[in-house]
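Enquirer: Structure for this input, please:
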Amino acid sequence: MAIRTDEPPATPGQKAATMFNAIYVTRDEDKNVSSAFTQLDDADLPQREVAIDVEYSTINYKDGLAIAGRPGVVRSYPIVPGIDLAGTVTASTDGRYSAGDKVVLNGWEVGESYWGGLAQKASLDADWLVPLPSAFTTEQAMAIGTAGYTAMLCVLGLEEHRVTPDGGPIVVTGASGGVGSTAVAILAKLGYEVVASTGRPEESTYLTDLGAAEVIDRSELGEENPRPLQSTRWAGAVDAVGSFTLANVIAQTLEGGCVTACGLAQGMDLPTSVAPFILRGVTLVGVNSVYEPFERRKLAWDRLAADLDPDKLAAITDVVGLSDSIKVADQILAGQVRGRVVVDVNA
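Expert: Numbers count the residues shown, from 1 in each chain. Predicted coordinates for the structure are as follows:
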């Protein structure tokens with residue numbers, strides 16, 4: 001389907017009886033961006049196919065950028081940010097969903113071009129939603145969120161390129177973050193030997209508790225002008241960092257191995273050559289979680305229900321109230337948050 005851009009809503013009503021709490025991001029005529037915890041009215045919501053009472057959302061790095069007003073994320077102001085949400089359908093004009101259904105959303109430019117999950121209510125297109133697996137509560141779904149869903153897509157990419165648990169170690173970069181933490185837990189449960197790369201040595205116990213067989217300092221993958229072929233170490237990788245870290249991972253990947261890439265925290269550049277790909281047959285799989293079709297999303301969530309230990313979720317999750325979202329967004333951008341931050345929008 002064609003993606004539609006929301007029309008800017010009217011000025012939020014202040015006297016209506018149908019108010020709800022939200023994080024509201026605006027931009028003035030001088031392009032100064034402001035974010036506030038405020039109240040909006042039902043009438044302010046965009047008119048879409050499925051109305052949802054949101055129960056939980058998250059704060060991801062992209063949400064932090066949106067709330068802070070950094071360029072390149074929000075495409076339409078004013079907006080409610082939040083690229084994730086889980087909640088209960090209250091009304092639907094699409095036959096796939098009925099009042100009372102539990103649903104989860106990740107991506108589709110929600111929180112960027114369309115009003116997102118950092119509010120008590122949302123109105124969304126049915127095509128963007130996935131039924132919540134019965135294995136998870138809405139809180140657990142947001143402990144997974146886009147980060148965990150992306151991690152599962154990376155694992156699927158490794159499996160589809162014949163990277164098996166007996167093939168050798170898998171390195172996970174940015175392992176203390178949301179994608180990395182979940183990837184470590186999933187891969188360990190599936191029987192892979194997981195090596196977690198992190199710039200936070202104080203997180204070693206956290207990562208081994210998630211299942212990492214070894215924790216290495218990110219400096220081991222830190223050659224800033226990497227040689228395209230290095231001593232081989234990895235059967236596969238989940239990379240959430242990009243730039244020269246990704247280039248070093250590729251250069252150290254075994255013949256026929258696979259590297260899945262889903263992040264650019266270190267940068268968008270990739271200083272390598274074709275050598276690993278044509279001399280060792282290494283495969284680089286890009287993972288874009290935003291526009292995956294419904295069947296792929298459902299597969300990822302079904303696999304999460306089967307292959308992610310719910311007991312691990314508590315170890316990687318902090319829960320905050322909606323009014324704390326702006327402060328947490330600053331902390332995420334400053335690299336002060338590990339794992340996942342779940343937002344209880346009703347707290």
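Enquirer: where does the chain have low pLDDT?
Expert: 1-17 (pLDDT under 70).
Enquirer: report the longest helix in it, please.
Expert: If you go by DSSP state H, the chain has its longest helix at helix 138-160.
Enquirer: Contacts only, for residue 18.
Expert: 41-43 (C-beta atoms under 8 Å, 6 or more residues apart in numbering). Every C-beta, even on glycine, is put in place using the N, C-alpha and C of the backbone.
Enquirer: Same check on residue 122?
Expert: Contacts of residue 122 (C-beta under 8 Å, 6+ apart): 45, 51-52, 54, 80, 85, 87, 105, 115-116.
Enquirer: please redo it, this time with the cut-off set to 10 Å
Expert: 20, 22, 45-46, 48, 50-54, 57, 80, 82, 85, 87, 90, 103, 105, 110, 114-116, 345 (C-beta atoms under 10 Å, 6 or more residues apart in numbering).
Enquirer: hang on, residue 247 packs against residue 237?
Expert: No: if you go by C-beta atoms under 10 Å, residue 247 and residue 237 don't touch, sitting 11.6 Å apart.
Enquirer: residues shared between the contacts of those two?
Expert: residue 221.
Enquirer: Which one's more surrounded, the two?
Expert: residue 237 (31 against 25; other C-beta atoms under 10 Å).
Enquirer: ok but the more buried one is inside a helix, no?
Expert: No: the assignment for residue 237, made by DSSP: H, G, I helix; E, B strand; the rest coil, is strand rather than a helix.
Enquirer: quick one: it and residue 214, what's the gap?
Expert: 14 Å (C-beta to C-beta, to the nearest Å).
Enquirer: what do those two both touch?
Expert: In contact with both residue 237 and residue 214: 169, 171, 195, 197, using C-beta under 10 Å, 6+ apart.
Enquirer: Quickly run through the sheet partners of the helix or strand where the third one lies, with directions.
Expert: Residue 195 belongs to strand 194-198 when elements are defined using DSSP states H and E. Strands that pair with strand 194-198, judged by DSSP bridges, come out as strand 170-172 (parallel), strand 214-217 (parallel).
Enquirer: circling back: roughly how far out does the longest helix of the chain sit from the chain middle?
Expert: 8 Å (C-alpha atoms, centre = their mean, to the nearest Å).
Enquirer: ditto for stretch 222-239
Expert: The answer for stretch 222-239 is 24 Å, by C-alpha atoms, centre = their mean.
Enquirer: and that stretch, which residues are buried?
Expert: Judged by neighbour count using 16 or more other C-beta atoms under 10 Å, the buried positions of stretch 222-239 are 226, 228-230, 232-239.
Enquirer: What residues are bridge-paired with the residue lying closest to residue 101 once chain neighbours are set aside?
Expert: Closest residue to residue 101 in three dimensions, ignoring its sequence neighbours and counting by C-beta to C-beta, 6 or more residues apart in numbering: residue 89, at 4.4 Å. Beta bridges link residue 89 to residue 52 when assigned by DSSP bridges.
Enquirer: Surely residue 89 and residue 99 touch.
Expert: Yes: proximity of residue 89 to residue 99 meets the contact threshold set by C-beta under 10 Å, at 5.6 Å.
Enquirer: Spit out the residues that contact these two alike.
Expert: 50-51, 53.
Enquirer: Show me the helices in the stretch 51-200 of the chain, by range?
Expert: 61-68, 138-160, 178-189 (DSSP state H, counting those that start in this stretch).
Enquirer: Show the contacting residues for the closest residue to residue 81 other than its chain neighbours.
Expert: Spatial nearest neighbour of residue 81, excluding adjacent residues (C-beta to C-beta, 6+ apart): residue 66 at 4.2 Å. Listed by C-beta under 10 Å, 6+ apart, the contact set of residue 66 reads 23, 25, 33, 35, 60, 72-74, 79-83, 111-112, 116, 118, 329.
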